[in-house]
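Enquirer: heads up, no residue letters with this:
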Ligand SMILES: COc1ccc(C[C@@]2(O)NC(=S)NC2=O)c(OC)c1
Ligand SMILES: [Zn+2]
């Protein structure tokens with residue numbers, strides 16, 4: 001799908017974590033969400049997701065994370081409501097995780113780290129006709145962030161976990177169909193924080209309305225261990241590097257306000 005075939009990772013290297021100077025750079029992500037400094041906004045609506053599992057197409061290892069990609073040529077899998085004025089189309093989801101359960105998320109809540117974080121990526125199909133266009137605009141993307149905690153096994157995630165050994169190496173891809181990404185959302189999607197930020201890897205474009213769920217989901221230790229069995233490196237490379245710690249460090253808030261949909 002458009003949203004990721006152009007997923008250029010030329011500058012991508014797992015060890016890049018540098019403060020990479022970004023032109024402007026005053027709305028970078030991720031951030032630490034300081035709960036007591038977030039501002040309740042009663043105008044924030046509940047999220048409305050409509051995901052069609054039939055639009056699920058493939059799963060691939062892009063050398064930084066693994067992506068599950070959706071057909072985003074029609075408005076079949078969409079997100080609206082919440083802080084959003086427009087309708088956004090799901091194009092892919094991916095995760096960030098650590099080498100241990102002690103860290104791995106990109107956002108933090110009062111400095112608390114989670115072992116992993118899910119990003120469901122959507123682009124504004126009311127205003128733009130392609131992901132590539134939307135990614136350049138400040139109202140172009142909406143990303144739902146969901147924290148993962150280690151606990152009971154996540155039944156819905158297992159189909160995805162079972163596909164990972166087939167994409168161990170960078171640039172490997174397999175067909176992946178009939179997966180409902182809604183099963184990865186927490187029971188309560190009414191409580192979230194929202195702020196204006198950016199992609200968390202190059203090109204770090206400041207085009208994301210972030211929607212970070214207050215409630216986490218639980219996955220088992222063994223399920224998370226399979227994430228860590230993925231490799232950053234392609235099959236040809238002589239030194240194989242395990243895909244872990246693929247997260248960016250928290251960025252300065254630069255005066256931004258984080259709003260909450262709950263008190
Ligand atoms: C050019 O378009 C891009 C480039 C990178 C990413 C990945 C990422 O930087 N963005 C988020 S969110 N998490 C990440 O790791 C992307 O995802 C929407 C879109
Ligand atoms: Zn991400």
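Expert: Cool, the structure landed. Small disclaimer: the values here were computed from a predicted structure and weren't measured. Numbering: from 1, shown residues only. Ligands and ions are numbered 1, 2, ... in the order given.

Enquirer: show me how far stretch 163-180 is from its chain's centre.
Expert: 17 Å (Cα atoms, centre = their mean, to the nearest Å).

Enquirer: ok, which residues in the protein are in contact with ligand 1?
Expert: 7, 119, 121, 135, 143, 199, 200, 201, 203 (Cβ under 6 Å from any ligand atom). Quick note: C-beta positions are derived from backbone N, CA and C, even for glycine.

Enquirer: my read: the fourth one touches residue 121, true?
Expert: What it means is residue 135. No: using Cβ atoms under 8 Å, residue 135 makes no contact with residue 121, being 9.5 Å away.

Enquirer: common neighbours of the two, please.
Expert: Taking Cβ atoms under 8 Å, 6 or more residues apart in numbering as the contact rule, the neighbours common to residue 135 and residue 121 are residue 141.

Enquirer: these two: which has the busier surroundings?
Expert: A side-by-side neighbour count of residue 135 and residue 121, using other Cβ atoms under 10 Å, places residue 121 first with 26 against 22.

Enquirer: surely the more buried one meets residue 93?
Expert: Yes: applying Cβ under 8 Å as the test, residue 121 and residue 93 come out as touching, 6.4 Å apart.

Enquirer: what bridges to the closest residue to residue 175 other than its chain neighbours?
Expert: Nearest non-adjacent residue to residue 175, counting by Cβ to Cβ, 6 or more residues apart in numbering: residue 58, 5.6 Å away. When assigned by DSSP bridges, residue 58 has beta-bridge partners residue 69, residue 175.

Enquirer: what sits against residue 58?
Expert: 68, 69, 173, 174, 175, 176.

Enquirer: hmm, 10 Å instead?
Expert: 1, 4, 67-70, 92, 163, 167, 173-177 (Cβ atoms under 10 Å, 6 or more residues apart in numbering).

Enquirer: and the residues you listed, which of them are buried?
Expert: Of the members of the contacts of residue 58, the ones counted as buried by neighbours, 16 or more other Cβ atoms under 10 Å, are 1, 4, 67, 68, 69, 70, 92, 163, 167, 173, 176.

Enquirer: same list (those) but as a markdown table, adding pLDDT.
Expert: Shown next, in a markdown table, are those (pLDDT from 0 to 100):
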| residue | pLDDT |
| --- | --- |
| 1 | 51 |
| 4 | 52 |
| 67 | 98 |
| 68 | 98 |
| 69 | 98 |
| 70 | 98 |
| 92 | 98 |
| 163 | 98 |
| 167 | 98 |
| 173 | 98 |
| 176 | 98 |
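
Enquirer: just checking, residue 222 touches residue 151?
Expert: No: between residue 222 and residue 151 there is no contact under Cβ atoms under 10 Å: 11.8 Å.

Enquirer: count of neighbours near residue 178?
Expert: 10.

Enquirer: quick one, strands of the stretch 51-200 of the chain?
Expert: Remark: strands assigned in the stretch 51-200 of the chain by DSSP state E, counting those that start in this stretch are 56-61, 66-70, 78-81, 88-97, 108-109, 116-124, 141-150, 173-175, 192-197.

Enquirer: ok, the fourth one: who's next to it in the sheet?
Expert: Pairing partners of strand 88-97, with direction, according to DSSP bridges: strand 66-70 (antiparallel), strand 78-81 (antiparallel), strand 116-124 (antiparallel).

Enquirer: distance to residue 249 added to those strands, as a markdown table?
Expert: Shown next, in a markdown table, are these (distance: least, Cβ to Cβ, whole Å):
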| stretch | distance to residue 249 |
| --- | --- |
| strand 66-70 | 21 |
| strand 78-81 | 27 |
| strand 116-124 | 13 |
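
Enquirer: thank you, goodbye.
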